[in-house]
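Colleague: Prediction below, plus the sequence it came from.
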Amino acid sequence: MSSAHEPLHGAGFPPEQLRILKVGNPRRGNSLDAEAVERLHQGIDAAAEDGVQFLVMTGSGKLFSSGFDLATIETESDPGLLYRFTRIGLLLDKLYKAPLTSVALINGPAVGAGADLAMACDIRWAKDGATLKFPGSTFGVVLGVERLRALIPEETVRDLVTSRRTVHTDEAQALNLFTDVLAPDGEPTWWEPKLSHLLSITPPHAPATHQILRPPMNCDRAMCDLVTSIAGQTGFQQRISTFARDHFRLPKQ
């Protein structure tokens with residue numbers, strides 16, 4: 001499994017300027033299992049402590065992230081799921097408050113918590129054909145909604161969250177959920193020329209300014225809504241298990 005962070009090879013920038021985090025477990029669609037979430041926490045902490053200017057997040061292969069990992073859902077408990085989702089909520093909060101500029105390189109579909117992670121980044125560059133989807137309302141999870149409210153009108157947030165529909169590249173760009181869309185050009189480093197240019201023109205203290213200029217977001221409300229949506233009623237494990245069986249054909253117990 002890849003390390004929590006790695007240098008950008010071939011760009012010629014020092015490690016204190018740029019760090020890359022790979023999102024999720026590559027063996028399961030870059031899903032956010034407990035281990036992957038903790039690696040991301042550690043990666044963000046290390047980047048902040050080391051004074052890194054730009055933190056880049058991207059997926060392996062053709063997916064950005066398939067979201068919350070459901071592989072062990074049939075053996076999970078309500079308290080265990082609450083803890084796992086809370087750690088993801090705290091991860092989004094940490095990324096939002098980090099003293100650096102975060103860049104999501106959205107190389108394919110970003111679903112659920114994976115989409116929320118991408119939206120938590122300051123800059124969101126998508127590969128042409130990338131999509132977003134926010135299915136959490138199916139099983140009653142309120143995660144990442146405050147960040148969406150900071151980016152797009154309330155009625156659009158309600159539509160995306162309640163309809164759970166796929167947001168395709170053009171619409172995501174029109175809504176500024178994708179800040180730019182890059183042609184794939186067949187190269188694995190499809191993003192490197194644009195990122196190299198950004199790094200070359202960015203003064204050393206720009207990330208601190210970027211942190212101050214982030215859209216206002218009520219982080220306390222975000223965490224309260226998340227915890228209440230899970231712990232406010234019983235049967236969460238059953239709801240998410242039903243979702244997993246219906247969408248991923250998991251065996252019934």
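Modeller: Good, I have the coordinates. Numbering: from 1, shown residues only.
Colleague: C-alpha only now, for contacts and for neighbours.
Modeller: Will do.
Colleague: Run through the helices of the stretch 101-250 of the chain in chain order.
Modeller: 113-119, 145-151, 154-163, 169-174, 192-201, 206-212, 219-231, 236-248 (DSSP state H, counting those that start in this stretch).
Colleague: Out of those, flag the one nearest G43.
Modeller: helix 113-119 (13.9 Å; C-alpha to C-alpha).
Colleague: just the strands in the chain please.
Modeller: Assigned strands in the chain, in chain order: 18-22, 54-58, 101-106, 110-111, 123-127, 132-133, 180-182 (criterion: DSSP state E).
Colleague: What residues sit buried inside the longest one?
Modeller: Yep, that's strand 101-106 we're talking about. T101, S102, V103, A104, L105, I106 (16 or more other C-alpha atoms under 10 Å).
Colleague: low-scoring pLDDT stretches of the stretch 101-250 of the chain, where are they?
Modeller: 184-189, 206-208, 210, 248-250 (pLDDT under 70).
Colleague: Rebuild the strands of the chain as TSV, extending it with distance to D45.
Modeller: Conversion of the strands of the chain to TSV gives the following (distance: least, C-alpha to C-alpha, whole Å):
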stretch	distance to D45
strand 18-22	12
strand 54-58	11
strand 101-106	13
strand 110-111	23
strand 123-127	19
strand 132-133	27
strand 180-182	27
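Colleague: Measure how far stretch 56-69 is from the centre of its chain, please.
Modeller: Here the centre of stretch 56-69 is set off from its chain's centre by 8 Å, with C-alpha atoms, centre = their mean, to the nearest Å.
Colleague: what comes up buried for that stretch?
Modeller: By 16+ other C-alpha under 10 Å, the buried positions in stretch 56-69 come out as V56, M57, T58, G59, S60, L63, F64, S65, S66, G67, F68, D69.
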